[in-house]
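Student: Attaching a predicted model along with its sequence, questions to come.
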Amino acid sequence: MLNSVIAGLSSGGGYALLGLCVVLTYRLVAVVNFAMTAVGAMGAFVMVSLTDEGLNVWLALLIGLVSAAVLSGVFGAALARWFAGHREGTKAAVTVAVYVALTAIGLRLFGGTTTGARRFPDPFSDPVFTVGSVVIPQSVLVSLAFAVLITVGVGLMLTRTRIGLKLQALSERPGTAQVVGIPAPVLAVGVWSGVGAITMLVIVLVAPRLGGDFGTLAGLISTALAVAMVGAFKNLPLTLAGGLIVGCLEGMSSSVDSIQKYQGVVPFLVILVLLWWRSRREVWDTAHSR
């Protein structure tokens, strides 16, 4: 069981990064972005398609990164242009529609689970050390270090820098932000582009372990949302911890033969438990405030 938990950390770092991207998009532009992993998968498959054609892996990575950033930025610009005054639920529904469209296009272009699985390059597969019988590869340390860096770096940026204060103003009062001269559309597009690029990198990082087909990688949005819910879509350290917890839970479920086939249900169970717990807490708080 301990070995399975440790192995789950291999995915936990990547899940934490995806959850952090959801939280960042919500905190900075007030949108729950369901299309995030589909955009990242598009960039990742652009990269792997180029490497299949013989292009240098690092150049292909750069092109895939730019393509994901541009696609996400265009989507963010369209959302800011046509849905800026709409409610959060409406914006979230638009991202769901984009997720469905991008998934359909991705499956059409790159194939499904049985026909479109690609062999992604894995530059961080070399082992670093061993815990029990589990070999810890470089990818675990890279994803964990990246997640911690984003958590600490973004936290400091939002509280200690001028650009961070502008981004918070953009999220909380977009209309007022534009009145006082904050370039809201430019900042919003920058946030969307940055999140798209980070998501693409995470997809490339976890793809070698998850099968490498478009549907599976785009479907990681359910895991990302479960992780973001642990941090209530606002707390970065809790979101980081949530990614590691979900990864460990998946590792534990893989060690039990009777539930191993239902391993993909873990994110949905996390979401249901968190929704139930928070609804109970709200009822409790309401009852004791009377």
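Tutor: Perfect, thanks for sending it. Since we're looking at a predicted model, the values are computed, not measured.
Student: in what helix or strand does Thr90 lie?
Tutor: Using DSSP states H and E, Thr90 sits within helix 88-110.
Student: Other residues contacting that helix?
Tutor: Outside helix 88-110, the residues that touch it by C-beta atoms under 8 Å, 6 or more residues apart in numbering are 30-36, 38-39, 41-42, 45, 49, 75, 79, 83, 116, 118, 213-215, 218, 221. For every residue, glycine as well, the C-beta is placed using N, CA and C.
Student: make it 7 Å
Tutor: 30-35, 38-39, 41-42, 45, 75, 79, 83, 116, 214-215, 218, 221 (C-beta atoms under 7 Å, 6 or more residues apart in numbering).
Student: And stretch 199-219, by the same measure?
Tutor: For stretch 199-219, contacts defined as C-beta under 7 Å, 6+ apart pick out 10-11, 14, 17-18, 21, 36-41, 43-45, 47, 64-65, 68, 103, 106-107, 110, 112-113, 116-120, 122, 139, 143.
Student: Tell me the buried residues within the residues you listed.
Tutor: Taking 16 or more other C-beta atoms under 10 Å as the criterion, what is buried in the contacts of stretch 199-219 is 10-11, 14, 17-18, 21, 36-41, 43-45, 47, 64-65, 68, 103, 106-107, 110, 116-118, 120, 139, 143.
Student: Please identify which helix or strand holds Thr130.
Tutor: Going by DSSP H and E, Thr130 is part of strand 127-131.
Student: where along the chain do the helices fall?
Tutor: Applying DSSP state H to the chain gives helices spanning 2-29, 36-52, 57-82, 88-110, 138-160, 162-172, 174-179, 184-210, 214-218, 221-230, 236-254, 257-260, 266-288.
Student: Of all those helices, which one is nearest Thr130?
Tutor: Thr130 lies closest, by C-beta to C-beta, to one member of the helices of the chain: helix 2-29, at 9.9 Å.
Student: So what's the model's average confidence on that closest one?
Tutor: Averaging pLDDT along helix 2-29 gives 78.
Student: For ChimeraX, write a command that selects the buried ones of the contacts of helix 88-110.
Tutor: Only the buried entries of these go into this ChimeraX selection, using 16+ other C-beta under 10 Å:
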select :31,32,33,34,35,38,39,41,42,45,75,79,116,214,215,218,221
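Student: Make CSV from the helices of the chain and add distance to Thr130 to it.
Tutor: Shown next, in CSV, are the helices of the chain (distance: least, C-beta to C-beta, whole Å):
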stretch, distance to Thr130
helix 2-29, 10
helix 36-52, 29
helix 57-82, 27
helix 88-110, 35
helix 138-160, 12
helix 162-172, 41
helix 174-179, 50
helix 184-210, 18
helix 214-218, 28
helix 221-230, 27
helix 236-254, 16
helix 257-260, 23
helix 266-288, 26
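Student: mean pLDDT for those: which is lowest?
Tutor: helix 174-179 (a mean of 55).
Student: Tell me how far Val29 lies from Leu156.
Tutor: 20 Å (C-beta to C-beta, to the nearest Å).
Student: before we move on, what about Val186?
Tutor: From Val186 to Leu156 the distance is 22 Å (C-beta to C-beta).
Student: again, but for Ala147
Tutor: 15 Å.
Student: Those two: which has the busier surroundings?
Tutor: Ala147 (25 against 11; other C-beta atoms under 10 Å).
Student: got a list of what the more buried one touches?
Tutor: Gly13, Ala16, Leu17, Leu20, Leu240, Gly243.
Student: Quick check: the farthest pair among those residues?
Tutor: Counting by C-beta to C-beta, the most remote pair of these is Gly13 and Leu20, 10.7 Å apart.
Student: Tell me the buried residues in stretch 226-233?
Tutor: Per 16+ other C-beta under 10 Å, stretch 226-233 contains these buried residues: Ala226, Val227, Ala228, Met229, Val230, Gly231, Phe233.
Student: for stretch 47-56, same thing?
Tutor: Met47, Val48, Ser49, Leu50, Thr51.
Student: Residues contacting it from elsewhere in the structure, which ones?
Tutor: Against stretch 47-56 from outside (C-beta under 7 Å, 6+ apart): Val57, Ala60, Leu61, Ile63, Gly64, Arg118, Phe120, Pro121, Val204.
Student: With that, I have no additional questions.
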